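Q: Fold the following for me, if possible:
(one chain, ligands or ions: 1)
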Amino acid sequence: MYSLENGRIELEHGSIKEGLIAIASGKGGVGKSTVTVNLAVALKALGKEVAIIDADIHGFSIPRIIGLSDNPAALSEKEIVPPEKNGIKVMSMGSFVDEDKPIIWRAPLLLGALQQFMEDVHWGELDYLLLDLPPGTGDMALNIMQQLPHAELLLVTTPQITATNVAGRIAGAADKLNVELIGIIENMSYYQCVECDHKEYIFGSGGGKELARKLSTELLGELPLIPLIREGGDKGQPLVSSKPDSKAAREYLSIGKKIIDRQKGFDPDKKPMSLKK
Ligand SMILES: Nc1ncnc2c1ncn2[C@@H]1O[C@H](COP(=O)(O)OP(=O)(O)OP(=O)(O)O)[C@@H](O)[C@H]1O
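A: Residues are numbered from 1 along each chain as shown. Next up is the predicted model:
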């Protein structure tokens with residue numbers, strides 16, 4: 001599917017220098033796709049070349065959140081040019097897998113689509129490739145991690161105890177697959193009143209911190225629950241690009257910096273697998 005040379009991932013039509021990051025959550029609706037897009041925009045603002053693969057089989061929402069309307073272009077059967085928005089290349093498996101099909105029929109197609117994306121897409125020279133995983137500890141998320149042994153895991157959770165418990169489970173499964181955990185992003189940490197700035201901890205507090213402690217990893221940031229983030233996602237104008245000076249955008253930039261600062265090469269002893277097409 002890819003090879004490793006001089007500490008970077010070499011693809012058929014490009015390379016990844018700094019990170020192949022799988023973004024996961026224990027359950028749906030915690031804001032994983034919203035976080036993926038805003039983090040990508042933050043990394044781009046910090047000077048990195050970034051691309052996203054939308055592999056969330058339960059709803060391919062990345063194109064909507066980033067505001068992408070273009071489709072990939074096929075140069076030939078084995079060469080695909082990805083569409084771009086805000087300088088970020090995006091490939092959504094939704095363009096290749098019929099969204100009306102029940103999930104059990106979509107799932108097997110996804111691994112084939114993932115291999116095709118890694119091999120046939122003109123990614124160019126990337127610093128980061130972010131992968132929006134299906135939520136939960138289902139086979140899909142684990143299968144994808146198994147295919148991409150150099151992917152590292154970034155967990156998104158809300159502070160709620162039920163969310164952090166299931167998020168912990170996916171981290172445990174990743175650990176068994178020898179996938180490294182980068183850290184935890186707590187989303188919807190608190191609601192901040194636009195009138196008086198008062199913070200309300202709607203889903204409780206401290207869940208992300210506690211999970212990070214349990215998993216011996218870092219809590220990379222705590223993002224507020226604010227209408228601006230939801231509106232940005234609905235309009236296809238991610239907050240980090242439309243309101244870069246907002247407190248939430250600055251939190252995303254701080255998370256992006258932490259990810260960049262921890263940069264280390266890809267482990268040459270891990271071997272990628274190829275699937276039969
Ligand atoms: N911090 C936030 N503040 C306000 N709204 C948010 C925030 N994060 C996400 N949302 C909103 O919550 C909803 C769910 O977000 P999103 O689709 O990103 O979740 P998800 O975890 O990817 O869900 P799934 O995996 O089930 O598709 C969306 O309407 C999104 O705009």
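Q: next one: the helix or strand where residue 220 lies to chain centre, how far?
A: Using DSSP states H and E, residue 220 falls within strand 219-222. The gap between the average C-alpha position of strand 219-222 and the chain average comes to 15 Å, counting by C-alpha atoms, centre = their mean, to the nearest Å.
Q: now do stretch 206-221
A: 18 Å.
Q: Determine how far the last residue of it lies from the first.
A: 12 Å (C-alpha to C-alpha, to the nearest Å).
Q: for stretch 170-190, same thing?
A: Terminal-residue distance, stretch 170-190 (C-alpha to C-alpha): 24 Å.
Q: Could you list the buried residues of that stretch?
A: 170-171, 174, 179, 181-190 (16 or more other C-beta atoms under 10 Å). No exception for glycine: its C-beta is placed from N, CA and C like everyone else's.
Q: gap between the closest residue to residue 222 other than its chain neighbours and residue 164?
A: Leaving aside its chain neighbours, residue 222 sits nearest to residue 189 (4.0 Å; criterion: C-beta to C-beta, 6 or more residues apart in numbering). Here the distance between residue 189 and residue 164 works out to 12 Å (C-beta to C-beta, to the nearest Å).
Q: who touches both of those two?
A: Any residue near both residue 189 and residue 164 by C-beta atoms under 8 Å, 6 or more residues apart in numbering counts here, and that gives 158, 208.
Q: Where does the prediction get shaky in the chain?
A: Under the criterion pLDDT under 70, the flagged ranges of the chain are 98-99, 101-107, 273-277.
Q: ok, then the element right after the lengthiest helix in it?
A: The single longest helix within the chain, with elements called by DSSP state H, is helix 103-120. Scanning forward in sequence from helix 103-120 by DSSP H and E, the next helix or strand is strand 124-132.
Q: Adjacent strands (with direction) for that following strand?
A: Applying DSSP bridges to the sheet, strand 124-132 is found paired with strand 14-25 (parallel), strand 50-54 (parallel).
Q: ok, back up a step: buried residues in the longest helix of the chain?
A: Applying 16+ other C-beta under 10 Å to helix 103-120 flags 106-107, 110-111, 113-120 as buried.
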